[in-house]
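> please work out how this folds:
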Amino acid sequence: MLFTLWFVATAFNITKPYHIDDTGHLEIAEWLAEHPTHPMSGYINWGDSPAPIHLLNQPHLYFYLLGFYIKLFGVNEITTHLFQSFFTLLAIVFFYKLVCVHCQKHVFFPVFFLALCPAFVVGQNLMTDVPLLSLWILFYYVLTTDRIRSEWASYLLAGLIASAAVLIKYTSLPLIPAIFLAILFRKDFRYLYLGLIPVLVLALWSLFNYFDYGGIHLLSRPISEFSIQRLRVVCLSWVLCMGAIAPFTLALASGCIEKIKPRCSGVLHTFLGGVALLPILLFALFLSNWLSEDQTDFVFRSLFFVNGLLVLSVILYVVLRHLKACCALEMERIYTELILLYWFFSGFAFVVLFAPFMATRHVLLVLPPAIILLHKYVMFQGRKKFLVLSLLCSISLTLMLAVSDFSFANFYKKNAEVIAEKLEGETVWFSGHWGWQWYARANGMRQIDPHNLSAVQPGDYLAYPEKIHQQGTKIASRLILFDDFFEVNERRSWWEYVSTASPARFYISSWRQIPWNFSRDSFGPIIIFRVKNIISDE
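This is a model prediction of the structure:
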């Protein structure tokens, strides 16, 4: 069953074109493969102009692994996504083992809810989030399992795994206090020194940074300015993201009803079944033009928010359930649950306080403890048919979003080839990043730099994709372009109306831009201009 889940998750990703941050990761990995002792000294164009790699947010362990892998096996979608699938398998297998530590009944359902979650399946790509998730799961499994008979070995392994996780993404910094908390809860004070392993690794990494480029990468990361207004907006966005990827809350709501046992439980369960059918009704009304995109956005925003609040409310119920034991200093008795609660709230707090924006992948890191706690204390007490219904909803949503996101990524790969073929023999420049940057370069186009246009000549062409992150406005101030020469566009098919795009809402979400919606907008256009003249710097 675990290998089947891994196969399904991998199948969605195996031939998917490079997408969103994949290009940046590949370019860094290629640099590292050739310059392993100077990982941050290379340059990458991920803004307006080429800039040093050390200005980007992430440390480099994942990129080292990817760089050495592509040096051995080359770069194409299948081989690199097979590399990524190793972490997918690691996450699924050890999440199952973690569930078995905490739950006795229906242990496969929590694994289904994670492995078939849209944030897990759709968000694989070549990004660091699934590798990071796999290490977090492995870390907390090591801290809570009783299968490692030596406490010393347990804390040593936890320290090494935390070190690797921190070197993949600084979001893993909360793992360091987790080791000390575990030692405190279990009163294993003689092993406190093992909690310093990731601290030492970070110190060595920082020293390596200094000799590489003369700075300390961890300390030079931009930190979002703190304000109550920003905190409110980010928290609301976090709740929305959680609600958007958690169809398992149907089973959770059924468990809440069974726990409270109101007289109208039958009516409430009937209403709950109707809620499961609501997206189908909305989609039918959207297809028949009875509802606009803005109207469906409003309904989904409300639904996602209530859904996310339900998850948070039940987690808080679990906290209250353990409060008495904590006040009585009986923490050793509820050690494993306290570790899961720390996992959830530390992951939530770190992202809310320090992440520059919110996205479904930021919520993914705290899904495992949420699913286990919800399943253990509430979800499995609900009616079993709602467990099955939740699973079917998860599969359906993930399937639709995976197909839509594949088409979103493929639009730029396919049309980079179309443009190169149509303008064969011409000099074609391109603006824009994400997967488009990789495929435009692969098809012979040259990336434009708005601060250095000396190589651009009148009569050259510029491929300008409107709906992706790029340096477009600064280019327009220095180039005089003919009117639209032609544009490449593509209408979506009806099964792609469940959208992760416009422009990339699944990867950058907010209260206004919900993580997915119904949309008829095209993925394009990519407008092809002909350069008429260049305005000089003077």
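> on the C-terminal side of the one helix or strand residue 62 maps to, identify the next helix or strand.
Assignment of secondary structure by DSSP states H and E places residue 62 within helix 61-73. For helix 61-73, the following helix or strand on the C-terminal side (DSSP H and E) is helix 77-102.
> pull out the buried residues from that next one.
77, 80-81, 84-99, 101-102 (16 or more other C-beta atoms under 10 Å). The C-beta positions use only the backbone N, C-alpha and C, and glycine is treated the same way.
> same question for stretch 299-317.
299-301, 303-305, 307-308, 310-312, 314-315.
> wait, which of these is closest to residue 190?
Residue 190 lies nearest to residue 315 out of those, by C-beta to C-beta, at 33.0 Å.
> is it true that residue 272 touches residue 249?
No - Residue 272 is not in contact with residue 249 according to C-beta atoms under 8 Å; the separation is 9.8 Å.
> ok, these two, which is more surrounded?
Higher neighbour count among residue 272 and residue 249: residue 249, with 27 against 20, using other C-beta atoms under 10 Å.
> that one contacts residue 390, correct?
Yes - in terms of C-beta under 8 Å, residue 249 counts as a neighbour of residue 390; the distance is 7.4 Å.
> for this structure, which segments are assigned as strands?
43-44, 51-52, 428-430, 446-447, 461-465, 479-481, 486-488, 498-499, 517-518, 526-534 (DSSP state E).
> of these, which is nearest residue 284?
strand 517-518 (10.7 Å).
> tell me how far the closest one lies from the chain's centre.
Relative to the chain's own centre, strand 517-518 is displaced by 19 Å; criterion: C-alpha atoms, centre = their mean, to the nearest Å.
> let me see the contact set for the residue nearest the centre of the chain.
Taking C-alpha atoms, centre = their mean as the criterion, residue 361 is the residue nearest the geometric centre of the chain, at 2.3 Å. Counting by C-beta atoms under 8 Å, 6 or more residues apart in numbering, residue 361 touches 119, 123, 127, 129, 507.
> for residue 136, same thing?
Taking C-beta under 8 Å, 6+ apart as the test, what residue 136 contacts is 165, 172, 175, 343, 365, 368.
> helices - which of those land there?
165, 175, 343, 368 (DSSP state H).
> other SSEs contacting the longest helix along the chain?
Ranked by residue count and defined by DSSP H, the top helix of the chain is helix 384-422. For helix 384-422, the elements it packs on are helix 108-115, helix 118-121, helix 249-260, helix 265-287, helix 434-442, strand 486-488, strand 498-499, strand 526-534, judged by 3 or more C-beta pairs under 8 Å, 6 or more residues apart in numbering; DSSP states H and E.
> out of those, flag the one nearest residue 372.
That would be helix 108-115 among the helices and strands packed on helix 384-422, by C-beta to C-beta, at 5.9 Å.
> quick check: angle from that closest one to helix 77-102?
150 degrees (axes from the mean of the first three to the mean of the last three C-alpha atoms, to 10 degrees).
> all further residue positions should be reported with the first residue as 206.
Sure thing, new numbering starts at 206, so read that last one as helix 313-320.
> report the angle between helix 313-320 and helix 589-627.
Using the same axes, to 10 degrees: helix 313-320 against helix 589-627 is 20 degrees.
> and helix 313-320, C-alpha only, in PDB?
Presented in PDB, the C-alpha positions along helix 313-320 are these (Å, rounded to 0.1, in the frame of the first residue of the first chain):
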ATOM      1  CA  PHE A 313      -3.700   3.800   6.900                       C
ATOM      2  CA  PHE A 314      -6.200   6.700   6.800                       C
ATOM      3  CA  PRO A 315      -3.800   9.300   8.100                       C
ATOM      4  CA  VAL A 316      -1.200   8.100   5.600                       C
ATOM      5  CA  PHE A 317      -3.800   8.500   2.800                       C
ATOM      6  CA  PHE A 318      -4.700  12.000   3.900                       C
ATOM      7  CA  LEU A 319      -1.000  13.100   3.700                       C
ATOM      8  CA  ALA A 320       0.100  11.100   0.700                       C
END
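> return the set of buried residues in it.
In helix 313-320, counting by 16+ other C-beta under 10 Å, buried: 314, 315, 316, 317, 318, 319, 320.
> which one of the residues you listed sits closest to residue 393?
Among the buried residues of helix 313-320, and counting by C-beta to C-beta, the member closest to residue 393 is residue 315, at 28.3 Å.
> for the closest one, give its distance to residue 206.
Note on residue 315: its distance to residue 206, by C-beta to C-beta, to the nearest Å, is 13 Å.
> quick one: low-confidence parts of this structure?
For the chain, the stretches flagged by pLDDT under 70 are 429, 529-538, 587, 676-689, 740-743.
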